[in-house]
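> Okay, sequence plus prediction incoming.
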Amino acid sequence: MIKRTLVTSALPYANGPLHFGHLAGVYLPADIYVRHLRLKKVKVIHISGSDEHGVAIMQNAQKANITYKEYVDSWHEKHKKLFADYMIDFDFFGQTSSDYHREETLKWFKVMNDKGAFEQRDEPQLQCQDCHNFLPDRYVEGECYVCKYPKARGDECPQCGTWIDALKLTNTLCKFCGSKNIEVKTSKQWYLTLSKYSKVFNEWFKDKTFWKKTVYPYVQSLVHEGLVDRAMTRDLDWGIDVPLVEAKGKKFYVWFDAPIGYVSNTKKYLEEKGIQEDYLKDWWQSTETKIVNFVGKDNVIFHSIIFPMMSLISGFARPVDELPANQFVNLYGKQFSKSQEWYVDAEDAYKQFGVDALRYQLTTLIPETADTSFTFEGFDARVNNELANNLGNLVSRCLKFWEKNWPVLELKGELNDELSNDNIMGQDFISFWETQDSQELMDICKNYHETLEHFEFRRSLELLMQLSAKANLFFSDSAPWAQIKADKNLAKKTIAHTVNWLMVLGVYFSPFMPKLAEELSGYFSDFLSKEWKEKIYLQDWDAWKKYLKSLSVVKLMGPIGMLVPKIDAKMLKDLDQEFIGKLKG
């Protein structure tokens, strides 16, 4: 029986700004999922943190003429701020350069090494003959032997996602000095002998057919001939020291220590919060815990093969249960690239457009089954023509009409000294739940839950917009501004029924746009408490209807503001033309 859920988001590399691809591919869907679980009263922890070792960090810290620690600390704080701006929340966001993480990594290595999982081998490795540096991982660049991408790195190809064997690269370039005078030399490294555990892996992996169609077949294709041994140490001067006398000067490969960060950060979180639970027994090892890893497709290998095997061999953790890996978000069909100045600054975009508009647009771009692409033309269509015209206008028209004509609605139909006859709604507010419209609302909410449980975030949002569209159509077709001239009671009924839709939308938008949802729900805060929001989200409709019948009055908590302000269409068109021009140029 599942009693708790442990959600991890891929550790962002502390080596540069995060862009829309990172946010929509990993962190936004993870945040939506966690918010969804919390509304369902599921016990959940969301863990992430900065990945702070590796060659690229060393390169750029050296260029900046600052220490490695200063460099990663700076990016750690910038990433934390960006996540806060986009309302992407973690229970704990740690650092792999911390002492607590080093201790956990050494613990894993010792147990795995004692079990014979590592072997020392002479490894052929590329070495620059001009600067005499060995060229591990990102210190070398060349043409990918799979897709022919000319700037594949020595660890992986950013174009096709292949885990690169650096020796097979052609047209290689030293990233230290720019030389192409590169030869193969020998260096001693410690290998994780994955090939010995192919049977163990297959036994675990065989029932993962329910994983995404973009994930399971891909992993299956990688392991069909057995697992391949991989070097887990490097000749570097930044990282976690390998604790063996004969390994002096060796550091752990970043992809050995990085995923252990999920575990070390969980431990640190529980300690700091004073929670009397064991990070291993109660969370990482428990069969009552569901483990969900949110990653991009370039991290699938490490989260579907390497870290699961490290977990199985060490016994410290259960391997992942769900791996909802997404594809890439591109910019006008081309990969984001800071070095090529092909990007939209996520921090500037937040300041310019606001969190609601960006979370909405990025949700529509979550690349669940295929790559997607951000364009400013699409941003205009989604935010101005869809979110603002559909939901924003509905809220404004309906609630301003309510505010103008009946600021207080009496549900019982009983006159008192405070309420005039014009304030009486009778049973109109409650009668919505006896209509076919309410049944369709409940059906959509049920489908919404099912899609979120299957990590279909775009479909879940589409269902909410479908609900909003139905309310909009009802409101427009009823035309209460015309009804009120002939029959005030009929106009009140239209408002009463529309408000029922809006209350539910205010609750169900919470995982996607928490700020907007809180503002919308706030108009009904006189009677819509946190407790009743949760009951609505849990689809306890009988309790909700009973509660409505117990109310005497319903007050609108104004004043009514602009829920979804439109963005300057001309500015968006100009930005669109600017990027199209860059693409053509």
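Sure thing, it's come through. Numbers count the residues shown, from 1 in each chain.
> which phi and psi does residue 225 have?
As for residue 225, its main-chain torsions (degrees, to the nearest 10) stand at phi -100, psi 10.
> What is the neighbour count of residue 13?
Residues lying near residue 13 (other CB atoms under 10 Å) number 20. Every C-beta, even on glycine, is put in place using the N, C-alpha and C of the backbone.
> Who are the contact partners of it?
Each residue near residue 13 by CB atoms under 8 Å, 6 or more residues apart in numbering is listed here: 50, 51, 54, 56, 57.
> Top of the residues you listed by number of neighbours, please.
Busiest of these [other CB under 10 Å] is residue 54, holding 27 neighbours.
> May I ask which two of the contacts of residue 13 are separated the most?
With CB to CB as the measure, no two of the contacts of residue 13 lie farther apart than 50 and 56, at 13.2 Å.
> one step back: out of the contacts of residue 13, which one sits closest to residue 327?
residue 51 (20.6 Å).
> okay, now the domains of the chain?
4-107+257-331, 116-251, 378-555 (automatic domain parsing).
> I'd like to know which of these is closest to residue 564.
Closest to residue 564 of the domains of the chain, according to CB to CB: domain 378-555, at 3.0 Å.
> What's the end-to-end length of that closest one?
This stretch, domain 378-555, spans 38 Å end to end (CA to CA, to the nearest Å).
> what mean pLDDT would you report for it?
Mean per-residue pLDDT for domain 378-555: 89.
> Could you identify which of the domains of the chain is most buried?
Burial of the domains of the chain is given as mean neighbour count (mean count of other CB atoms under 10 Å); domain 4-107+257-331 ranks first at a mean of 20.
> got the end-to-end distance for that domain?
Span of domain 4-107+257-331 from end to end, CA to CA: 37 Å.
> Please state the offset of that domain from the chain centre?
When distances are taken as CA atoms, centre = their mean, to the nearest Å, domain 4-107+257-331 is centred 11 Å away from the chain's centroid.
> how would you label residue 234: helix, strand or coil?
strand (DSSP: H, G, I helix; E, B strand; the rest coil).
> what's near enough to touch it?
Taking CB under 8 Å, 6+ apart as the test, what residue 234 contacts is 55, 136, 137, 189, 250, 251, 252, 253.
> Dump the residues you listed to TSV, plus distance to residue 519.
Compiled in TSV, the contacts of residue 234 are given as follows (distance: CB to CB, whole Å):
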residue	distance to residue 519
55	46
136	50
137	46
189	56
250	54
251	49
252	47
253	47
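> Inside helices: which ones of those residues?
Among the contacts of residue 234, the ones falling in helices (DSSP state H) are residue 55.
> Okay, now the unreliable bits of the stretch 251-400 of the chain?
For the stretch 251-400 of the chain, no stretch is flagged by pLDDT under 70.
> again, only using 90
298, 337-341 (pLDDT under 90).
> in it, which spans are helices?
Secondary structure of the stretch 251-400 of the chain by DSSP state H, counting those that start in this stretch: the helices cover 254-273, 300-301, 307-314, 346-353, 355-364, 376-379, 393-405.
> which SS class is residue 172?
strand.
> can you pull the contacts of it?
126, 135, 140, 141, 142, 166, 180, 182.
> ok, 6 Å please
140, 142, 182 (CB atoms under 6 Å, 6 or more residues apart in numbering).
> Can you tell me which of the domains of the chain is nearest to residue 362?
That would be domain 4-107+257-331 among the domains of the chain, by CB to CB, at 4.2 Å.
> Which stretches in the stretch 451-585 of the chain count as strands?
553-555 (DSSP state E, counting those that start in this stretch).
> my bad, should have said the stretch 101-250 of the chain
So, for the stretch 101-250 of the chain - with DSSP E, counting those that start in this stretch - the strands run 118-128, 140-143, 152-153, 170-174, 182-192, 230-231, 233-235, 250-252.
> Can I get these in a markdown table including distance to residue 336?
Output for the strands of the stretch 101-250 of the chain, formatted as a markdown table (distance: least, CB to CB, whole Å):
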| stretch | distance to residue 336 |
| --- | --- |
| strand 118-128 | 28 |
| strand 140-143 | 18 |
| strand 152-153 | 16 |
| strand 170-174 | 22 |
| strand 182-192 | 29 |
| strand 230-231 | 28 |
| strand 233-235 | 27 |
| strand 250-252 | 29 |
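> if we can go back for a sec, can you put the domains of the chain in JSON lines and add distance to residue 356?
Shown next, in JSON lines, are these (distance: least, CB to CB, whole Å):
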{"stretch": "domain 4-107+257-331", "distance to residue 356": "9"}
{"stretch": "domain 116-251", "distance to residue 356": "28"}
{"stretch": "domain 378-555", "distance to residue 356": "4"}
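> of all the ones you listed, which lies closest to residue 343?
domain 4-107+257-331 (5.2 Å).
> Give the bridge partners for the closest residue to residue 249 other than its chain neighbours, please.
Leaving out its chain neighbours, the residue that sits closest to residue 249 by CB to CB, 6 or more residues apart in numbering is residue 235, at 6.7 Å. Beta bridges link residue 235 to residue 250, judged by DSSP bridges.
> Residue 235 touches residue 134, doesn't it?
Yes: under the criterion of CB atoms under 6 Å, residue 235 makes contact with residue 134 at 5.0 Å.
> about what we covered before: output the helices of the stretch 251-400 of the chain as TSV; include the columns distance to residue 518.
As requested, the helices of the stretch 251-400 of the chain are exported to TSV (distance: least, CB to CB, whole Å):
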stretch	distance to residue 518
helix 254-273	25
helix 300-301	35
helix 307-314	36
helix 346-353	18
helix 355-364	10
helix 376-379	23
helix 393-405	13
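> of those, which approaches residue 515 most closely?
Of those, the one closest to residue 515 (CB to CB) turns out to be helix 355-364, at 5.6 Å.
> CA-only coordinates of that closest one in CSV, if you can.
In CSV, the C-alpha atoms belonging to helix 355-364 read as follows (Å, rounded to 0.1, in the frame of the first residue of the first chain):
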residue,chain,number,x,y,z
VAL,A,355,4.2,34.2,-13.5
ASP,A,356,0.6,33.3,-14.5
ALA,A,357,1.0,33.9,-18.2
LEU,A,358,4.4,32.0,-18.3
ARG,A,359,3.2,29.0,-16.3
TYR,A,360,0.2,28.7,-18.6
GLN,A,361,2.2,29.0,-21.8
LEU,A,362,4.9,26.6,-20.6
THR,A,363,2.4,24.1,-19.5
THR,A,364,1.0,24.0,-23.0
